[in-house]
Structures are given as C-alpha cells and as structure tokens.
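S.K.: The amino acid sequence is not available; the structure is as follows:
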C-alpha cells in the first residue's frame, strides 16, 4: 500500500551518491595536470540539488520505504536540509582555502559528499542495522577527512585518534543494538517501541539503551565521551572541522531524538536523568576547559562540547517541545559554528600558521569585514538576543523549565555566562589595536565561494535570531512526526487552567 | 494623529538603527560619520519630545500610552509590545537628550575608526530605548542584553588604558546576573503562558502562583537589576568601567537601566515580594551612599571619583525607590533625570580636560579657572547641581527622597543618607578646588589654553539652563511622574517570615499610601 516509489524516499541520498561517484570518476578521468578545483563546484552543485531533493520530499506523503527501513517525514526533511546546507557551506569554504596544488582534491570533495550521504541516511533510518550502516558511512568519511593534511604530524594523529575512539564507540552502539534485538526480536524502531514495554527481559533493553547512548553521545561529543574532540579538531583542516563539528553532530542528535523519543519513550524515567547529568557535565567541563585554551580551534572544540550540553538540556522537557527545541538549537548552532569556523579558516590559513588567540589581535583593523563577522558569530555563540544563538538557548532552556528542570536551566545559563568570558575575550582581542612591533600579517581576500559561504551563515544566524517563527514551525512539525501519536496524552505543560479567567 | 501615536515608539527605535546603517555605508571622510550620528541623534531626540507633548492626563487615559502590539513569534507567544507611562516617558526623553551630547563629547575625542564608533553608539541608543519602552518581558530582555554588546566593544576598542580588561569585567558582571533573570522569566512563562507585563502583573497579584517560588523569582529579577545600578556590594565593575569607557558611553549608561527596571519590573511586577526585601535594600542603599562618598573623597583619579560619586548618588535613588513612599518615588525618578543631565555635563567637561591634558590625575591639575574661565564656570554650576544646591535640579530630587525616607521609612536612615549628601558636597567642591583653583600646575602651564568652543557651548548652555529649570519648576515633570508610580499593594508580606525570619521587620508605611 505504498504509492510512492521507494527511490523517492532516499532522493537526497541518491543525488549525493551520484554526485560523489561523478566527482571520483572525473578525478580519475581528467588529465593529471588539470586543476581539480572545479570538482569542488561539481560537489557544491550536487549538494544544492540534494537540498532541493529533500524539499521535494516534503510533498510526499509521510511513510516508510524499502520494507520499512527508511522514512520520510517533516523530521527527516528538517535534518536533510540542515545537513545539506552545512555540507554546502563546508564545500564552498574548502573551494577557496584548499591550496591549488594540494593532493587528492577530488577525493576530498567526494568524501565530503559521501559523508553527507551517511548523515542524511542516519536521520531517515528507522531500522537499527541501517542506522549502524549510515553511521559508519558518515564516520569513515570524516575519519579520512580528519587526516587530510598528511604532511603534518597532527593530521594523521587526529585521524587515528578519531578512528580508534570512533570505532570503539560504534562498537558500543552495535552491541546495544544487539541487546535490544535480543530482547524484542526486531530491529525496526517502531516495532521496538511497540514491543519493548512487553519484553520479558527489561534488563537487556536497559543495557541496550545504555550502550546505544554511549555510542551516540560519543558522536555528539558530550562529556564524559568528549576527550577526542579538541585533538581531532586541532589536527583536522579547518573546513573539515566546520563540517564535522556540525553536520555529523546534527545527524547524531537526530538519532538520539529518535532513539529516546520514538524507540524507547517508555523508559523516560531512565534516560531523562542520565541526559540531565550528561548535559550538566558537558556544559561545565566544556566551558571550564575552554577558558584555558590559547588555540582558537581547541577553544571552539571545548565550546562545542558545552553547546552539546545546552542542547541536551532540551531533553528534560516533558512533551514534544523538547524535540522542537533541540532541533532548533541544532540549526542555530550549525549556522553560527560553520560561520565562525569559516572566519577562523581564513584568518589562520590552510597551513594554520596562526592558530592562537593572540594571532587574532587587531583583526578588525586588518580586515574590517572578517573582524566584524568574527565578533558577530561570537556574539551569537554567547547567546545575545537577535541572533540565532539566543533563540537556540531560549527554546532549549524554556523546554527545560517547562519540564520542571529549573536547576538545569540555571546551571545552563550560568554556564553561558562563563562561556561569555572566553568568547568575549576572543572578540575583544580582535577589537584591540594591533601590536605595532609585530609584522602585519595580511589577511587573505574573501573569495566568491567563501563569500557565499559566509553570507549563508550570517543570513541563517540572523534569520534564526530575528524571525525564528518559520524554522520553529518546521522544527515543531518535525517534533510532531517524531513523537508516536500514542506516546502519551500530552498535557499542555504546567499551564494553569486559570488562564481561561484572563480578561 | 492616532497613527503617529501608534508608530512613534517604533520610529524612535528604528531611526537610530537607520542611522547605524547610514554610518556604516558612508566613507569615513569630512567627519561624515559624526554628522550623520549627530543628525540622527537630534532627530531621535525630536521624536522623543513628541511623547510628553501628547501625553494624556485625562482621568480615563490608559496607563500605557502610544501603545503598539503585534505578534512577533507565535510560540512561545512573544509580542512586540511597546508603550510608555508616566514612569518611562521622561526617561525616554532623557536618553534622547543625552545622545546628541554624547556625539558632541566624542566629536574630537574619537579620531580613528569613527564609523564603527558611531554605528555602535547608535545601536546602543536603540537598545536603551528598547529597554524603556518594551512591555513584553522577552523583548525587554532582548534589549537589556543587547545593550551590553556595543558598550563592551566600545570600551574595549576606545578605552583609555586597560580597555579590554574593563570591557570584560563590565560584560561578565552584567551578563551573568541576567542568567537567573532569564530563568525567572521562563518560569513565569511556563506557569502563565505569557510574557506580557500587564498579564504577568495580573497573575502575580492573583495569588495563583506559589508564593515561595515567586519570592525567588523576584529575587532573580532584583539581582540582575541591582548589579546594573549598582547596589552596594555589587559595584565591582563601576570604577573600571567609568575610568575606561569613552565619555559618551559613561554618561549614557549611568544607572538608568537598572533603576528603571527596579521600578517597573521589580516593584511594578512583584509588589508584595518587593516589600519583603525593601528593608534590606534600604540598608544597602544607605551603606552605598556613605561608602561611595567616602571612597570618592580619597580618589586621586577624577574618573574613579566620578564613578564612586555615581555609586553614592545612585544609591540615594535606590533608597528613594525602596522606601516605597510616593514622595520617595517621585524624588527617585526626578533624580534619575537630573543625574542624567548633570552627569552628562560634567562628563563632557572632564572629557575635554582629559583630551587636552591627557591626564586624569587630580593632583596634576590646578589653577585652570584663570585660563579656562568658561569651562570652570560650567563645571562649578554642574557640581552645584550635583550636590543639591537649592534652585538647581539636584535639590528637588534629593529633598524628595530624603523627605520620603524621613517620614515614611525611618528617621535614622534619612539622617545617615543626609550625611552622605553632605560628604557629596565635600568631594565635589574639593574636586573643583583642586582642578580649577590654587596655583597653576606644571601640566596646566604646559599647554596653551583652549576654552570651550561653539559646538560645546551649544550643548552646555541648554544643559545648564535645564538644570536651573529643573530646580525651580519641578512641577513641569512631577505630575507625569506621579501617574507612573506603582505603589505596592499593602498585602501583608506573609511569605517573608518563612523564607528569612530574621528580615521580618516591616517598614512602616504611615507616610503615604495609595489613596
């Protein structure tokens, strides 16, 4: 009874795969002395197509394809659009910053696109084995990209660290899947949701949930599974960091939402306190560590951990507001983080000769455009109103307060005060008079591709901060489709009935 | 007319923003950014004057006038809701008045990066207007936070010596307390489903919300405001900010946002809870008056002296606010206005001295009156207005506050506060003496005299005239201010003994009460 051809259920993935294959074939077929840069434009074009493909999916009736393994719904489209957007920005960013003569450029773009295939698939999969495969596709692509700068010592170190720890985490996930399969006899998420409460061995399900959470929380770099983050971010090329600090995280959060809200909503009393603790740990550990960093990428890596914590605060909500808030936060976080990494890429250069906070001194004097953008994205990361970062935090913490987790919100907001210290420190360094003794370091010109990338990031951050209504609507529709209609009778949270008495 | 009344507040918000965009677009030549900023500021000031001119005193006039509401975000229900009442109408005008003065004060001081300076200065204007006119708590919070950013950046970039350090201190001191504020606002929303000021006021008064939680919500509000004012133990950021901030910003921010927020969103929103903590605030305010005055007496740097003087004066206003008497209330709002005008003039003059002689050490000066007679005259008048000489603006406000405290709160506190006022006269007059009289110092003889010029005079004359008018004709302002008073409902603060038994000594309210 499925009138939609299965292939449409994975339209963006198909487009992305074709793009990746095309890029690889072209890379092999073109004469070796030809520039490989145009391949990046091919990849960017393909990603734009995929973005369009996800929007086309909106007009499909909701449902699953391929024998109930992949789903299209408002939820998947939301994340597909987000992931394709981020990948597009990352490709545009690489176009202008990878050196002309760098090796294997074709592979670089192909891997980015293949990674996007995995991430998109991860958000659409409703079958645990497919989830695992999708996660591997996306992870392996990012492992390779992390080690792209083979000529430095840090590149391979980052790749190996990421690969070893990442595989370990995926093994946890797989083991969790196995336990849940053992308890329920199925790997279909909807079936598990139906069967789990009746399963005879609840211990298996609990253990399975715990192991799956370990795997997923590793991917979103939440404390205490965060130790890989700073090293990997420091060693990877910055455009890749822009990608992997946002898109795979978004995909992993989508998976987390699916697992806790759709697969095991009945175990809320188990996972909610766990995520509460992880949220507090992540924000506090991330922010405290970030305060002490001198390297901008490491600082942003720790701040990414803290942001994972703010996001997890939304899981304390009682109803679908939590899902909507988390989805919105991911979008806001992706926009501003991609933006700031774009600026960092330009300032510190591909070879990263200038990675320290001190190297940003007087940026606003050297390049008013980049300096202002840096300060703008930092302000958004702090969470000042009229930027995306504010509404992200706002929705996340109001979901937490709505769910009764006042303390979580207070800890979170005090943490964002702490975070303001190091974000602002960087902003103020950029606004200082440049050091007269030091030679003036020229800042590269902002090219067309990078300009487009920055424009996208700024526009997204501003739109999310000034008119967040539309995106929030999309996130709410996504939340609605995710929550199984029979999950629980959701009462409007805590709103007093007396509201009717209002004049 | 009606349409203008509806859109006037939005215009006041948008005109400085438009000026920002213009400043950002023009080339930095022929002082173009300065002129655009000045014209924008003057235009905005003109617009703000529309408010008191058309403010209705009719008995059936709504509390909030020039009101405008539109849904901004559907969920959570945030409304773009603006309006002014007797409390805020003159404060809006004051912000409008200080803007052109700030531009004039920066005219020659800011030599490099003028575009950025004036662009951010105008953003700061919008944020301040936004704080005073927002009636939706989220919008209010948005402007409240937004006002920190241009301030911090400008202190960092145009600070005198330790700009970035002072900027960071300022930002963290005021940003961190707004975290509990946001949680408190969110809690209110989660219980009532509204951010609207009037609706929340209704809810809080209805008794439907749990008393214990409301107490802490009110404390969260108060804490954020008290840091911003600052109230006595929370004043750590003041001295550094005043001595580093460009003159234009020091005069613009001084205390107004925090004091207004106390009046509107602490006492206005939580009358019962505010009454419960008022004795503590009264005590802290008196300590702040004396402490600030004593510290001001021993400062060697005139920026720091002004900072502690501001602490002392703002504490006096806090005393007027938390005395919870109508007289004190009127005095407090009046004193905010007066303090803004006087501080504006004094900062402008000190800024000129600093630009000329590049020193803020008081000892380095001396005997300037003979060389700069106009500067000296205006400074003396400003100082006299500041210390509350009768016939000048400061007298009215201080007198009303002290009267309210004396009759409505306690004679002892009033006497202690009066001692602080006397100390205020001491440090200000001593400052005048050391700067302008006595033998000429090496520093003052080293530079050719350069008295006030036309640009500065066109600002200082009206300001000085205003001080005089505020001193002799307070009835031009007081009736409006009176309509804006929130007198706390005299519900017995029964929650107080439960939370803090030792604080339960009630303030006597026999002075004034709602009629």
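M.R.: Right, received. Where do you want to start? As the structure is a computational prediction, the values presented were derived from the model and not from experiment. Residues are numbered from 1 along each chain as shown, chains lettered A, B, ... in the order given.

S.K.: So what's the residue count around residue 334?
M.R.: Unless you meant another one, I'm taking chain A. Using other C-beta atoms under 10 Å in any protein chain shown, the number of residues around residue A:334 comes to 27. Heads up, the C-betas are built off the backbone N, CA and C, glycines and all.

S.K.: oops, chain B please
M.R.: 26.

S.K.: And residue A:459, by the same measure?
M.R.: 12.

S.K.: before we move on, what about residue A:133?
M.R.: Residues near residue A:133, counting by other C-beta under 10 Å: 16.

S.K.: How about the contacts made by residue B:231?
M.R.: Neighbouring residues of residue B:231 by C-beta atoms under 8 Å, 6 or more residues apart in numbering or on different chains: B:281, B:284-285, B:288, B:315, B:318.

S.K.: And for residue A:456?
M.R.: Counted by C-beta under 8 Å, 6+ apart, residue A:456 has contacts A:85, A:88-89, A:92.

S.K.: for residue B:34, same thing?
M.R.: B:103, B:106-107, B:114, B:118.

S.K.: and with 6 Å instead?
M.R.: Applying C-beta atoms under 6 Å, 6 or more residues apart in numbering or on different chains, we find residue B:34 in contact with residue B:107.

S.K.: if I look at it, how far off is chain A?
M.R.: Distance of residue B:34 to chain A, given as C-beta to the nearest C-beta, to the nearest Å: 18 Å.

S.K.: Could you list the low-confidence segments of the chain?
M.R.: Unless you meant another one, I'm taking chain A. Counting by pLDDT under 70, the low-confidence segments of chain A come to A:1-3, A:101-102, A:440, A:483-503.

S.K.: that's the other chain; I wanted chain B
M.R.: Those would be B:1, B:254-255, B:487-515, if you go by pLDDT under 70 across chain B.

S.K.: need the residues of it near chain A, please.
M.R.: B:73-74, B:142, B:145-146, B:149, B:153, B:156-157, B:164, B:167-168, B:171-172, B:175-176, B:179, B:182-183, B:186-187, B:190, B:193, B:208 (C-beta under 6 Å from any C-beta of the partner chain).

S.K.: 7 Å - rerun?
M.R.: Proximity of chain B to chain A (C-beta under 7 Å from any C-beta of the partner chain) is limited to residues B:73-76, B:141-142, B:145-146, B:149, B:152-153, B:156-157, B:164, B:167-168, B:171-172, B:175-176, B:179-180, B:182-183, B:186-187, B:189-193, B:199, B:208.

S.K.: nearest residue to residue B:464 other than its sequence neighbours?
M.R.: residue B:381 (5.4 Å; C-beta to C-beta, 6 or more residues apart in numbering or on different chains).

S.K.: so how many other residues sit close to the one you found?
M.R.: By other C-beta under 10 Å, 20 other residues sit near residue B:381.

S.K.: Can you flag which of the contacts of residue B:231 belong to helices?
M.R.: B:281, B:284-285, B:288, B:315, B:318 (DSSP state H).

S.K.: related to what we said a few turns ago, mind giving me CSV with the contacts of residue B:231 and columns for neighbour count and distance to residue A:116?
M.R.: Below are these laid out as CSV (neighbours: other C-beta atoms under 10 Å in any protein chain shown; distance: C-beta to C-beta, whole Å):
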residue, neighbour count, distance to residue A:116
B:281, 24, 57
B:284, 21, 58
B:285, 29, 60
B:288, 29, 59
B:315, 29, 59
B:318, 29, 57
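
S.K.: any idea how far residue B:218 is from the residue in the stretch 201-350 of chain B that chain A sits nearest to?
M.R.: Relative to chain A, the nearest point of the stretch 201-350 of chain B is residue B:208 (5.2 Å; C-beta to the nearest C-beta). To residue B:218, residue B:208 is 16 Å away according to C-beta to C-beta, to the nearest Å.

S.K.: Same check on residue A:167?
M.R.: 53 Å.

S.K.: go on, residue B:456?
M.R.: For residue B:456, the distance to residue B:218 - C-beta to C-beta - is 44 Å.

S.K.: Likewise for residue B:461?
M.R.: 44 Å.

S.K.: now swap in residue A:70 and tell me
M.R.: Look at residue A:70 and residue B:218: by C-beta to C-beta, they are 52 Å apart.

S.K.: How are the helices of the stretch 301-450 of chain B distributed by residue range?
M.R.: B:302-322, B:326-357, B:368-371, B:373-387, B:393-408, B:411-436, B:442-446 (DSSP state H, counting those that start in this stretch).

S.K.: which residues touch the third one?
M.R.: Yep, that's helix B:368-371 we're talking about. By C-beta atoms under 7 Å, 6 or more residues apart in numbering or on different chains, the residues outside helix B:368-371 that reach it are B:375-376, B:435-437, B:444, B:449.

S.K.: Quick check: of those residues, which has the highest neighbour count?
M.R.: Among the contacts of helix B:368-371, the one with the most neighbours (other C-beta under 10 Å) is residue B:435, at 26 neighbours.

S.K.: Settle this for me: it is touching residue B:363, isn't it.
M.R.: No: assessed by C-beta atoms under 7 Å, residue B:435 is found out of contact with residue B:363, at 10.1 Å.

S.K.: Look up the closest residue to the residue in the stretch 251-400 of chain A that chain B sits nearest to, ignoring the ones flanking it.
M.R.: Residue nearest to chain B within the stretch 251-400 of chain A: residue A:385 (3.4 Å; C-beta to the nearest C-beta). In space, and not counting its chain neighbours, residue A:385 is closest to residue B:142: 3.4 Å by C-beta to C-beta, 6+ apart.

S.K.: do residue B:289 as well
M.R.: Nearest residue to residue B:289 in three dimensions, chain neighbours excluded: residue B:420, at 3.5 Å (C-beta to C-beta, 6+ apart).

S.K.: how close does the one you found get to chain A?
M.R.: 32 Å.

S.K.: which residues sit in contact with that residue?
M.R.: B:289-290, B:293, B:312, B:316.

S.K.: Mind naming the longest helix for chain A?
M.R.: Ranking each helix of chain A by length (DSSP H) puts helix A:154-184 first.

S.K.: Can you pull the phi/psi pair for residue A:437?
M.R.: Note on residue A:437: backbone dihedrals following degrees, to the nearest 10 are phi -70, psi -30.

S.K.: which residues does it contact?
M.R.: Counting by C-beta under 7 Å, 6+ apart, residue A:437 has no contacts.

S.K.: Neighbours of whichever residue of the stretch 1-150 of chain B sits closest to chain A, how many?
M.R.: Residue nearest to chain A within the stretch 1-150 of chain B (C-beta to the nearest C-beta): residue B:142, separated by 3.4 Å. By other C-beta under 10 Å, 24 other residues sit near residue B:142.
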